[in-house]
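[1] Mind looking at a prediction? Sequence and model below.
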Amino acid sequence: MKQYGIALALIASVVMSPLSWATEQAKQQLQDKMQQLESVQASFEQTVTGSSGEVLQSLTGELALQRPAMLRWRSNPPDDTLLIADGESVWYYNPFVEQVTVYAQSNAVENSPLLLLMEGSKERWQQFDVTYDSAEGAFEVVNENTGSELNLSFTGDKLARIVLKQKQGDTTTIALTDVVMNERLPTDLFQFAIPEGVEVDDQR
């Protein structure tokens, strides 16, 4: 794909419609924002709704993101779970059933648009169409491969809300509060130590 990049860019400069240009400008604008985003820490409130608008799940918790591809996601009781992406593996720990499931992050990232965007790879970005709603201050990102839609809202330069619309109809809305941007985060925040007596389901 890389060897055709220059030729495709030249062709695109001739045949792109005004709408396509707007899309490419929105993509570049979002890329610039994500490049400036080194880390995020925040509390969150997550709501999952079905295709008919019914609430399927509601929970709160804390998250931390570190570029290029590290994530810590902890939900509060009674839905007490922990997910850690350390750059190589994704660890999903459910203390209620005393089990941790481990996935190769290279596979899991394909199903996580936010991790794809955090990763910042030019090849990854080719999978997305991006539009910008200036009234909402929000970017809509459509993954061409999966059909999922990711909506990212900012207040100034701070990420404020994440909405993920799955192809099958479910919508996950994550509202962020107490957002702290670009502070240096300790590396052990993204390391998972297997608790004694916990069953490990290794899917790598």
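    All right, it came through fine. Numbers count the residues shown, from 1 in each chain.
[2] any idea how far residue 46 is from residue 52?
    Here residue 52 is placed at a distance of 19 Å from residue 46 (Cβ to Cβ, to the nearest Å). The way it works is simple: take the backbone N, C-alpha and C, and place the C-beta from them, glycine included.
[3] Identify the residues contacting residue 158.
    179, 181 (Cβ atoms under 8 Å, 6 or more residues apart in numbering).
[4] Can you spell out which helices and strands pack onto whichever helix in the chain runs longest?
    Longest helix in the chain, counting residues (DSSP state H): helix 18-36. Helices and strands touching helix 18-36, as assessed by 3 or more Cβ pairs under 8 Å, 6 or more residues apart in numbering; DSSP states H and E, comprise helix 113-119, strand 128-133, strand 138-143.
[5] buried stuff in that helix?
    Taking 16 or more other Cβ atoms under 10 Å as the neighbour-count basis, helix 18-36 is seen to contain the buried residues 23, 26, 27, 30, 31, 34.
[6] Quickly list what the residue nearest to the second one when sequence neighbours are not counted is bridged to.
    What it means is residue 26. Closest residue to residue 26 apart from its sequence neighbours, by Cβ to Cβ, 6 or more residues apart in numbering: residue 132 at 4.0 Å. When assigned by DSSP bridges, residue 132 has beta-bridge partners residue 139.
[7] Lowest-scoring secondary structure element of the protein by mean pLDDT?
    helix 5-15 (a mean of 35; mean pLDDT, DSSP states H and E).
[8] rewinding a little: pipe the buried residues of helix 18-36 into JSON lines and attach distance to residue 92 per row.
    Written out in JSON lines, the entries for the buried residues of helix 18-36 read as follows (distance: Cβ to Cβ, whole Å):
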{"residue": "23", "distance to residue 92": "34"}
{"residue": "26", "distance to residue 92": "33"}
{"residue": "27", "distance to residue 92": "31"}
{"residue": "30", "distance to residue 92": "28"}
{"residue": "31", "distance to residue 92": "29"}
{"residue": "34", "distance to residue 92": "25"}
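[9] Nothing else from me, thank you.
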